[in-house]
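Asks: sequence plus the predicted model coming up.
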Amino acid sequence: MTRQILLRFLLSSIALILSHSVSAFGGEDWTQFKATYIENGRVIDVGQNNISHSEGQGMALLLAVQNNDPNTFAQVWAWTQSHLQVRDDKLFAWSWSPQGGVNDINNASDGDLLIAWALSRAYTKWNKPSYLFAAIQVSQSIRSKLLRKTIKGTVLLPGVMGFESPEGLKLNLSYWIFPAIAELSILDPSPEWEELRISGLRLIEEARFGRWQLPPDWLRLKNDVISPTANDQFGYDAIRIPLYMIWGRQATPKYMNPFQTYWSSFSGNSPIPAWVNVNTGEMATYNASIGFETVAALTIAYPDIDSTKLPSSNQPQDYYSYLLSLFTKMALEDLKK
């Protein structure tokens, strides 16, 4: 009986601490996204042969909580559990195809973080203990499998396999999802979460290259030296860095200035390119997506987020662009509370 009382007290305490992070979020965007990209709990990347990613599942779970949509959450979580949580730990295979099932048993730590964060929020929203226990299990697996001590601090591997070699560690700074790290530090108390937050800020400050002083999508850390990988673009991945910094309330002028300076250089009718080479300054010959522009709009406006002028979302968007747009709107709602 005493253990049951203590457990109920623990659950209620965690819910009280985390409750500030869940708000109402509504709109036709979520309804349209579900109709277009979610089928029987599976989030479908129609632009990549209809495959599914742990990242997309995690994003959809978070949006379901924000939209107070427990039925969709339950469907997406059930599919994610049965099709992706098939490793010998509590992490998730990152890629699944309708033709062959799991394409790669390796995980993606951004997907793992997003799913754990979503489960934590779902428990807070709907008081379902199974979500809390699942969140804690995923969180503990992230800490035990994916964190590494380095000269730069405790860093996050993008996956369990394939990112450690004699050439150093291959890292992706957009995987530092600061609002998720903050929430998991409450859910799963450990000094490693604070160490991870600090290392992320340090690496973002140091990973400045070329004319625009921007971070690349992927970088290499060897001893105390960081450098871009062969894919030395600021684009598809790194776009999320300022979003997660702002959302996690880690943004200050010294971190935001490079992003704001770069994006503010495209004014009026000058479109933002999809990527820029951080070393040479070469830019993509095609434009960034609406989702990309939405993140840029929030970043340019920061810290005056009320002045954010989001681009029209009436234009067709692919899976990733749509998720970036919805995530930016979700961040704005959280920040205005």
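Replies: Nice, I can see it.
Asks: from now on I want contacts and neighbour counts done on CA atoms only, so please keep to that.
Replies: Fine.
Asks: what ranges do the helices span in this structure?
Replies: Taking DSSP state H to define them, one finds helices in the chain at 2-18, 28-37, 54-66, 70-83, 109-126, 129-146, 178-187, 191-206, 240-247, 253-264, 290-301, 319-335.
Asks: which one of these has the lowest average pLDDT?
Replies: Here the lowest mean pLDDT among those goes to helix 2-18, at a mean of 47.
Asks: what residues sit buried inside stretch 121-128?
Replies: 121-125 (16 or more other Cα atoms under 10 Å).
Asks: kindly report the same for stretch 249-261.
Replies: Residues of stretch 249-261 classed as buried: 251, 255-260 (neighbour count, 16+ other Cα under 10 Å).
Asks: try stretch 227-241
Replies: Going by neighbour count (16+ other Cα under 10 Å), the buried part of stretch 227-241 is 227-228, 232-241.
Asks: which residues does stretch 74-84 contact?
Replies: 40-43, 54, 57, 60-61, 92-96, 101-102 (Cα atoms under 8 Å, 6 or more residues apart in numbering).
Asks: give me that answer again for 10 Å
Replies: Under the contact criterion Cα atoms under 10 Å, 6 or more residues apart in numbering, stretch 74-84 has outside partners 38-43, 52-54, 57-58, 60-61, 64, 70-73, 85-86, 90-96, 101-102, 104-105, 107, 115, 118-119, 122, 131.
Asks: buried ones only from those, please, as a ChimeraX command.
Replies: Here is the ChimeraX command that picks out the buried ones among the contacts of stretch 74-84, judged by 16+ other Cα under 10 Å:
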select :38,41,42,43,52,53,54,57,58,60,61,64,70,72,73,85,90,91,92,93,94,95,96,102,105,107,115,118,119,122,131
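Asks: ok, the buried residues of stretch 121-128 vs residue 280, which is closest?
Replies: Closest approach between the buried residues of stretch 121-128 and residue 280, by Cα to Cα: residue 121, at 41.9 Å.
Asks: I figured that closest one hits residue 129, correct?
Replies: No. Between residue 121 and residue 129 there is no contact under Cα atoms under 10 Å: 11.4 Å.
Asks: mutual contacts of those two, please.
Replies: Counting by Cα under 10 Å, 6+ apart, the shared contacts of residue 121 and residue 129 are residue 135.
Asks: can you tell me which residues contact the closest residue to residue 307 other than its chain neighbours?
Replies: Once flanking residues are discounted, residue 307 sits nearest to residue 301: 6.0 Å by Cα to Cα, 6 or more residues apart in numbering. Contacts for residue 301 (Cα under 10 Å, 6+ apart) come out as 260, 264, 307-309.
Asks: how many residues are close by the nearest residue to residue 149 once chain neighbours are set aside?
Replies: Leaving aside its sequence neighbours, residue 149 sits nearest to residue 155 (Cα to Cα, 6+ apart; 6.5 Å). Other residues near residue 155 number 26, with proximity taken as other Cα atoms under 10 Å.
Asks: give me the beta-bridge partners of residue 155?
Replies: Under the criterion DSSP bridges, residue 155 forms beta bridges with residue 148.
Asks: surely it and residue 163 touch.
Replies: No. In this structure residue 155 lies outside contact range of residue 163 using Cα under 10 Å: 11.8 Å.
Asks: shared neighbours, the two?
Replies: Both residue 155 and residue 163 are contacted by 169, 171, under the criterion Cα under 10 Å, 6+ apart.
Asks: circling back: could the contacts of residue 301 go into JSON lines alongside distance to residue 292?
Replies: Listed next are those as JSON lines, based on distance: Cα to Cα, whole Å:
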{"residue": "260", "distance to residue 292": "14"}
{"residue": "264", "distance to residue 292": "14"}
{"residue": "307", "distance to residue 292": "18"}
{"residue": "308", "distance to residue 292": "14"}
{"residue": "309", "distance to residue 292": "13"}
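Asks: just the buried subset of those, please.
Replies: Buried residues within those, defined by neighbour count using 16+ other Cα under 10 Å: 260, 264, 308.
Asks: which ones are touching the most centrally placed residue in the chain?
Replies: In the chain, the centroid-proximal residue (Cα atoms, centre = their mean) is residue 177; its distance is 5.0 Å. Residues near residue 177 by Cα under 10 Å, 6+ apart: 109-110, 113-114, 117, 197, 200, 240-241, 243-245, 247-248.
Asks: cool, and residue 131?
Replies: Applying Cα under 10 Å, 6+ apart, we find residue 131 in contact with 74, 77, 116, 118-124, 137.
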